[in-house]
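Q: Please work out how this folds:
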Amino acid sequence: MTAYEQLIQEALAAEGPGGPGGPGGSGDDPARAERAVRDLLAAGPEALRRVLATAVERPDRHHPVLYEVIRRSTTPEAVPVLLTHTGAGPAALAASVLYALARSGGDEGPDRVEATLADRTAPPTTRAAAAEALQGAARTGTDETLRAVLAEQRREPVDPEWPLLLVNTAIALATTGDHSGAAALHPLLASPHEAARALAVGAYRLVLDEDSPHALARALADPGAEVRRAAVDPVFLIGSPAAAGLLLRSAHEDPDDEVRFNALVRFGNIAGLWLSGDAEELPFADERWSELRETLDPAVCHRFGVPVTLTDLVEEFTDEERLRPSIAAELRILTGADVPAAYARGGIEAALRTVRDVPFTPGRIHKWGLTRPMPPLLPPPPLPPSP
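A: Take a look at the predicted model:
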C-alpha cells in the first residue's frame, strides 16, 4: 500500500461505516476526520488526484471527509487536477470540485465555474452546484452571468417542481449585494409544488427586498407545513417587533408541532427571552411581550431584546455551547464569513478570527456583510385549520 493509499484509507475510516454520523465516523471523532483532511492536503496534488479517483470509483457512498479535502484544495497546483473532474462522479463530488475552483487563485478555476453555470447543455444539478459555489465567491463581472441565468430560468425553468438552479442563482447574486433575485423568488410561492415553495422561502434568509416580508407572511400561512417551517428563520432574521409578533402568533396557532416549537424559540431570540419551545411557556411569553413590544424600535433588527450587535452574537457564540451551531449559521448569513466551517476545523478561536474585522452596524439587517433597509412587514392571512 502506497503512502497516498494509506492516507485515503485513514480518511475513509474517519468517515465510519455510517458516514459522518455513523459509528466510528467523523460525527463521533471530528478531530480524527480533521487530521485526515489536513494530512491529505499536505500530501499535495497527487493525493488530491487519488482522492478524486476514489470518490468517482465509489459513487454509491457519501464521502464527507474526501469531499472536504476537495473543497479546501484551492492552491494553484490543485486547479489542473480539479479541472479534469468538473463533470465526473456523484453530485456531491461535482459540487465540491466547483466550490474549490470558485475559490482558487487566478482565473482558470473561477472561469470554469461561471462557464458551467452558463452552459445550458449541462445537467441542471451541476449548474445549480455551480451557482451555489459562487455564493460569496463572485468576481467582478460574475453578477452579469448570474443575472443572465436568473432571467433564463424565469423564462424557461428547467425543473418547476425543484427550482434549485433559480434559487441558488438568486442567493449567489444576493451575496454580491444585489437582491434583485427576490423578484424571481416571489412568484414561486404560487407554485402548486410544496417543495418548490419551501425552497424559495428558505432563500429569504439571504435574499431580502421590500416585498420579501409580504411573501414570508404568506408563507407562514401556507397550507404546506414544509413551507411554514422554512419561513420561521427568515422572519427571525428580520428581527423587528413585527417579525417577533408574527412568530409568537405562529407559536400559538400553527397546526404543526415543529413550526410552533421553532417559532417560539426564535421569538424568544428576538425578544431576549430564554424559551425552550414548550407550549407551557406561551402565557409567560405573552405577558412579557405585552410589556416589551412598545419599547422596541419598529425599524431596528433585534437580538436578545436589544438592537443586534456583532459583539453580542460573538459573546453568545462563545458562552452558550448549545447555541453555537445556530449562531454560527446566523453569523455566516450576516457577515459572509464561513463561521461554521472555521469552528469545525479550528474551534472557537478560529471561528472568532473570521469575524473579528467584519464591519457591522448595530440594529441593522445584515446579509453577507452588507446592510439592508428594514422592509415593511405585513400581517399574514389566517393560518390553515388544524387537520
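Q: and residue 101, how far is that from residue 260?
A: Distance, residue 101 to residue 260, using CB to CB, to the nearest Å: 43 Å. Using the backbone N, CA and C atoms, a C-beta is placed for each residue, glycine as well.
Q: So for these two, which residue has more residues nearby?
A: Ranked by neighbour count (other CB atoms under 10 Å), residue 101 and residue 260 place residue 101 first, with 28 against 20.
Q: Check what pLDDT the more buried one gets.
A: pLDDT recorded at residue 101 is 97.
Q: close enough to count as contact, it and residue 114?
A: No. With contact defined as CB atoms under 8 Å, residue 101 does not reach residue 114; the gap is 9.9 Å.
Q: Now do the shared contacts for the two.
A: With CB atoms under 8 Å, 6 or more residues apart in numbering applied, the contact sets of residue 101 and residue 114 do not overlap.
Q: what does the strand or helix carrying residue 352 contact?
A: In the assignment (DSSP states H and E), residue 352 maps to helix 339-355. The contact list for helix 339-355 (CB under 8 Å, 6+ apart) reads 30, 34, 310, 314, 317-318, 324-325, 328-329, 331-332, 335, 337-338.
Q: Can you pick out the ones from the residues you listed that are in helices?
A: Judged by DSSP state H, these include 30, 34, 310, 314, 317-318, 324-325, 328-329, 331-332, 335 as members of helices.
Q: Which of those scores worst on pLDDT?
A: residue 30 (84).
Q: Could you give the number of residues near the closest residue to it other than its chain neighbours?
A: Nearest residue to residue 30, sequence neighbours excluded (CB to CB, 6 or more residues apart in numbering): residue 344, at 6.7 Å. Using other CB under 10 Å, residue 344 is surrounded by 18 other residues.
Q: Which of the contacts of helix 339-355 are buried, as a PyMOL select command?
A: The buried subset of the contacts of helix 339-355, as determined by 16 or more other CB atoms under 10 Å, is captured in PyMOL by this line:
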select buried, resi 34+310+314+317+324+328+331+332+335+337+338
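Q: buried stuff in the helix or strand containing residue 51?
A: Using DSSP H and E, residue 51 maps to helix 45-57. Within helix 45-57, the residues scored as buried using 16+ other CB under 10 Å are 45, 47-52, 54-55.
Q: can these go into JSON lines with extra columns for pLDDT and distance to residue 349?
A: Formatted as JSON lines, the buried residues of helix 45-57 follow (pLDDT from 0 to 100; distance: CB to CB, whole Å):
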{"residue": "45", "pLDDT": "96", "distance to residue 349": "30"}
{"residue": "47", "pLDDT": "97", "distance to residue 349": "28"}
{"residue": "48", "pLDDT": "97", "distance to residue 349": "28"}
{"residue": "49", "pLDDT": "96", "distance to residue 349": "33"}
{"residue": "50", "pLDDT": "96", "distance to residue 349": "32"}
{"residue": "51", "pLDDT": "96", "distance to residue 349": "28"}
{"residue": "52", "pLDDT": "96", "distance to residue 349": "32"}
{"residue": "54", "pLDDT": "94", "distance to residue 349": "32"}
{"residue": "55", "pLDDT": "93", "distance to residue 349": "31"}
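Q: With distance to residue 361 as added columns, please give those in CSV.
A: Shown next, in CSV, are the buried residues of helix 45-57 (distance: CB to CB, whole Å):
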residue, distance to residue 361
45, 43
47, 44
48, 41
49, 46
50, 47
51, 42
52, 43
54, 46
55, 43
